[in-house]
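[1] quick one: sequence and predicted model below, then my questions.
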Amino acid sequence: MAAENYAFIVCSIVGFVITLLPLPWHWNASNTGICFYRGWITASCLVGFIDAIVWNNNIVDWAPAWCAIVARFQAGSNVGSTSATLIIVRNLYGVVSSKAVNLSEKMKRRAMYIDLGIGFGLPVLQILMEYCLADEDYYIFEDIGCNVAIYSDYLAFVLIFCWPTILGIIAFIYGCLIIRMCAKAYAKLRAAFSDADTSHYFRLMALAVIQMLLIIPISVYDIAANAKTVYPFLGWEAIHAYFTEVTQIPASVWRSNRSLAAGTELSRWAVIFQAIISFVFFGYVREARIKYRHAFDYLIGRRQRIAPALIAGHVSTLPDFVTISQGSRPAASQPIVKQITFADSRHANVTVEPAQNRVDATEVPGTSDSLLTVPRPAYSPNAPSSNWAPGQLYEVRRDTIAP
């Protein structure tokens, strides 16, 4: 295995994990642009990881169906992250210009449909265009895997190659308008939004700017490289005459062509850079840290717990989506009653022995479903005491607590 291919395999799976884990949080927050952005990057990292392993040091056509799907996916992902960036800056422009404030339900649905059209409709359109202009089903590059095959005529430049650049330029124009508005009314914007909202919007803007600085030069380079060999349009039948054939390219061949090697490596490593960028700007917020922490604990075989409390003479472990009321400090030999309060306002009274009078509990919002599933056996305050085994650790299931 070549050193660069080994590095890509490691980086791609890391990129897949760091972009996938916070995705449910963005989905729950209705961050359409970020959801599309992370979704395309997550899928691209996974596809690149699989291809780099399967086609390491070989060009065998192991999985024709998989390669056909990957070729169509690559055509869509060619504009996927760029269209997501356009959604981000377009929505930011609506916020900064106050055009997206106090919208009616009809206007919100209309805005959502526009976002879906940009983030999903444009990539699907690119997939259709790729099928029309594909002279072969796909290529196979050694160490790279399956790749889209496009007949490089002038229609390909108009319908496929130029769109990442066009979308990037439109996003850049939106970005300039946002910066101009912020410069004129910065104090007014700070007064209108909380510090958390302002920080979130600035992170989104920085992400979009870096995305444009990364994608536009790569897409321009791709256009310039393909412009060296432009073929005349020959018609549907001529272009698809050898559609069922598959070109298999050894690493010694594609790496010997500087232009081809640079374009191929840039295309796959750009996805890794995008994953890192999204992590830098959104990986340190509280909700993302919770997701990463839970995944890490799951991988090393640990369950989320907080300090144990002695309940009714037996040991129990409370998960971190509950808090325990402090109450007043009783006499040293006297047990006390404290109230366990869940994030959805359910509660239960439990007896805590003086030895565990101080319990460190961390309140975590109950919106994260992953916090609410714990292995059996589970303790219910209403369950008979025969369900308990002395000295055994238990966890409280939120759905067993009576309202």
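    Thanks, I have it. Residues are numbered from 1 along each chain as shown.
[2] hey, where'd the helices end up in the chain?
    3-20, 23-28, 32-54, 64-96, 105-116, 122-133, 154-156, 163-184, 186-192, 195-226, 236-239, 251-254, 258-282, 286-299 (DSSP state H).
[3] out of those helices, which gets the lowest mean score?
    Confidence, taken as mean pLDDT, is least for helix 186-192 of the helices of the chain (a mean of 57).
[4] I'd like the distance between S30 and I87.
    Remark: distance between S30 and I87 (Cβ to Cβ, to the nearest Å) = 12 Å. Backbone N, C-alpha and C define where each C-beta goes, glycine included.
[5] so for these two, which residue has more residues nearby?
    I87 (24 against 10; other Cβ atoms under 10 Å).
[6] that one contacts F120, doesn't it?
    No: at 10.2 Å, I87 does not count as touching F120 under the criterion of Cβ atoms under 8 Å.
[7] name the residues contacting each of the two.
    F36 (Cβ atoms under 8 Å, 6 or more residues apart in numbering).
[8] local confidence estimate at G235?
    Looking at G235, its pLDDT stands at 82.
[9] what is the neighbour count of it?
    9.
[10] residue contacts, the residue lying closest to G263 once chain neighbours are set aside?
    With Cβ to Cβ, 6 or more residues apart in numbering as the criterion, G263 has its nearest non-adjacent residue at 5.3 Å, and that residue is A225. Shown in contact with A225 (Cβ under 8 Å, 6+ apart): S259, L260, A262, G263.
[11] from what I see, the first one and A227 are in contact.
    No: look at S259 against A227 with Cβ under 8 Å: they stay out of range, at 10.9 Å.
[12] report how many residues lie close to the closest residue to A227 other than its chain neighbours.
    The shortest distance from A227 to any residue other than its chain neighbours is 7.3 Å, reached at F157 (Cβ to Cβ, 6+ apart). Neighbour count for F157, taken as other Cβ under 10 Å: 15.
[13] and for the one 10 residues further on?
    Using other Cβ under 10 Å, L167 has 23 other residues around it.
[14] wait, doesn't it sit right on T82?
    Yes: with contact defined as Cβ under 8 Å, L167 reaches T82; the gap is 4.5 Å.
[15] now do the shared contacts for these two.
    Counting by Cβ under 8 Å, 6+ apart, no residue touches both L167 and T82.
[16] picking up where we left off before, among the contacts of A225, which two are most distant?
    Largest separation among those by Cβ to Cβ: L260 and A262, giving 7.4 Å.
[17] in stretch 116-123, which residues are buried?
    Neighbour counts over stretch 116-123 (16 or more other Cβ atoms under 10 Å) mark I118, G119, F120, L122, P123 as buried.
[18] what's the first-to-last distance across that stretch?
    Using Cα to Cα, to the nearest Å, the span of stretch 116-123 from its first residue to its last is 10 Å.
[19] and I140, which of the helices of the chain is closest to it?
    I140 lies closest to helix 64-96 among those, at 6.9 Å (Cβ to Cβ).
[20] and the closest one, what does it pack against?
    helix 32-54, helix 105-116, helix 122-133, strand 138-141, strand 145-147, helix 163-184, helix 195-226 (3 or more Cβ pairs under 8 Å, 6 or more residues apart in numbering; DSSP states H and E).
[21] now do the buried residues in it.
    By neighbour count on 16+ other Cβ under 10 Å, the buried set for helix 64-96 is 66-67, 70-93, 95-96.
[22] so that helix versus helix 163-184, what angle?
    Orientation of helix 64-96 against helix 163-184 (axes from the mean of the first three to the mean of the last three Cα atoms, to 10 degrees) gives an angle of 20 degrees.
[23] compute the inter-axis angle for helix 64-96 and helix 105-116.
    Here the directions of helix 64-96 and helix 105-116 differ by 140 degrees (the same axes, to 10 degrees).
[24] any idea how far the residue nearest to G263 lies from N147?
    Taken as Cβ to Cβ, the span from A225 to N147 is 14 Å.
[25] just W27 next, same as before
    Taking Cβ to Cβ as the measure, W27 falls 30 Å from N147.
[26] these two: who's more crowded?
    Per other Cβ under 10 Å, whichever of W27 and N147 has more neighbours is N147, with 21 against 14.
[27] for the more buried one, give me its contacts.
    Contacts of N147 (Cβ under 8 Å, 6+ apart): A71, Q74, Y138, Y139, I140, F141, T264.
[28] is it true that the first one touches F141?
    Spelled out, it's A71. No: counting by Cβ under 8 Å, A71 stays clear of F141, with 11.9 Å between them.
[29] before we move on, the earlier item: and the residue nearest to A227, what pLDDT?
    Listed pLDDT for F157 reads 87.
[30] list phi and psi for the spatially closest residue to Y154 that is not a sequence neighbour.
    Sequence neighbours aside, V230 is the residue nearest to Y154 in space, at 6.2 Å (criterion: Cβ to Cβ, 6+ apart). When read as degrees, to the nearest 10, the backbone of V230 gives phi -110, psi 120.
[31] tell me how many other residues surround S199.
    Applying other Cβ under 10 Å, I find that S199 has 12 neighbouring residues.
[32] gap between it and F282?
    In terms of Cβ to Cβ, S199 sits 11 Å off from F282.
[33] what's the burial count for the residue lying closest to F8 once chain neighbours are set aside?
    Ranked by Cβ to Cβ, 6+ apart and with sequence neighbours excluded, the top spatial neighbour of F8 is A52, at 5.5 Å. By the measure other Cβ under 10 Å, the count of residues near A52 is 24.
[34] ok, now which ones touch A52?
    By Cβ under 8 Å, 6+ apart, the residues touching A52 are N5, F8, I9, S12, D143, I144, G145.
[35] with V220 instead?
    Counted by Cβ under 8 Å, 6+ apart, V220 has contacts T165.
[36] picking that back up, so which of L260 and A262 has more stuff around it?
    Counted by other Cβ under 10 Å, L260 and A262 do not tie: L260 has more neighbours, with 15 against 12.
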